[in-house]
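In: Provided below for reference: sequence and predicted model.
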Amino acid sequence: MSGQQPSAKWVRVFPGPRISDVLGYVKATWMWLQHEYPEMVSYAQSEPDLTDNLCEALNDYDRRLESGIDCDFQSESWELRRSADGKVTRIARADIRVILGVSGTPHLVIEFKKLDGTGQSRWRYCFDGMSRFIEGAYSVGHDFAVMCGLSSVDLDQEDAAMGLYISQDEYVKRLQCVADSTGAVVMRPSSTAPGTARFDTVHRRHSQNPPKSIVLLHVLMNCSAPT
């Protein structure tokens, strides 16, 4: 898209093909941080400290140039919303917002949650993470968004457990999940970012007018346990 003016339709959503590139870059940068600064990106750190550390590394000019990534990464940026009377309200802060190209072009929100193998951490992932997209706090007008779990346990184990957790009947309803043609609400492999996202889920968003669904891509990354 360099040097070209994007169409009106294009600027409404972050283009699906670019998501896989961005997530590959995010995962590679996280692995670099784990190697260079393991204590600073360990599970003992708070979620804001982890995402700030990652965002700073993602914005490194040389790293972006070498990886062919022409995006900006914003940490803890506000979602602003204007009401009918003209009042503007701060709705929620996104962990990392990825801005594609120049100002005014699409953004992709990545929400991070720490996972330690417990039901409590999975509940926070779903209802203090996924729910923000579903209820309209994040990514209004966009078709894609990303949930990223920073896991202190085996990734394959957490992947399977999270899939079962989301698929519980009660949570399927609360998360407004949309099933595929087989009846599954956890869709493997990811159709948008195979190889970088573990699975996709699709959710109705009745808070939008008109109602519109959103695709959440689910990424898991290793995060060492507290020492």
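Out: Good, I have the coordinates.

In: distance of Arg174 from Leu108?
Out: Counting by CB to CB, to the nearest Å, the separation of Arg174 from Leu108 is 24 Å. C-betas here are computed from N, CA, C, even on glycine.

In: How about the contacts made by Gly117?
Out: Taking CB atoms under 8 Å, 6 or more residues apart in numbering, we find Gly117 in contact with Ser151, Ser152, Val153, Gln157, Glu158, Ala161.

In: all helices in the protein, in order from the N-terminus.
Out: 16-36, 47-58, 61-67, 119-125, 131-134, 155-166, 169-174 (DSSP state H).

In: Using CSV, write out the CA atom coordinates for the last one.
Out: Read it as helix 169-174. The C-alpha trace of helix 169-174 is given here as CSV (Å, rounded to 0.1, in the frame of the first residue of the first chain):
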residue,chain,number,x,y,z
ASP,A,169,-22.5,-23.6,27.0
GLU,A,170,-22.8,-20.8,29.5
TYR,A,171,-19.7,-19.0,28.2
VAL,A,172,-20.7,-19.5,24.6
LYS,A,173,-23.8,-17.5,25.4
ARG,A,174,-22.1,-14.8,27.5
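
In: Show me which of Arg174 and Leu108 is the more surrounded one.
Out: The neighbour count for Arg174 versus Leu108, taken as other CB atoms under 10 Å, is higher for Leu108 (25 against 14).

In: give me the beta-bridge partners of that one?
Out: Taking DSSP bridges as the rule, Leu108 bridges to Val98.

In: how close does it sit to Asp169?
Out: Counting by CB to CB - Leu108 and Asp169 are separated by 30 Å.

In: For the nearest residue to Asp128 once chain neighbours are set aside, give me its contacts.
Out: Using CB to CB, 6 or more residues apart in numbering and skipping residues adjacent in sequence, the residue nearest Asp128 is Lys113, 7.2 Å away. Residues in contact with Lys113 (CB under 8 Å, 6+ apart) are Glu47, Ser121, Arg124, Tyr125, Asp128, Gly129, Met147, Cys148, Gly149, Leu150.
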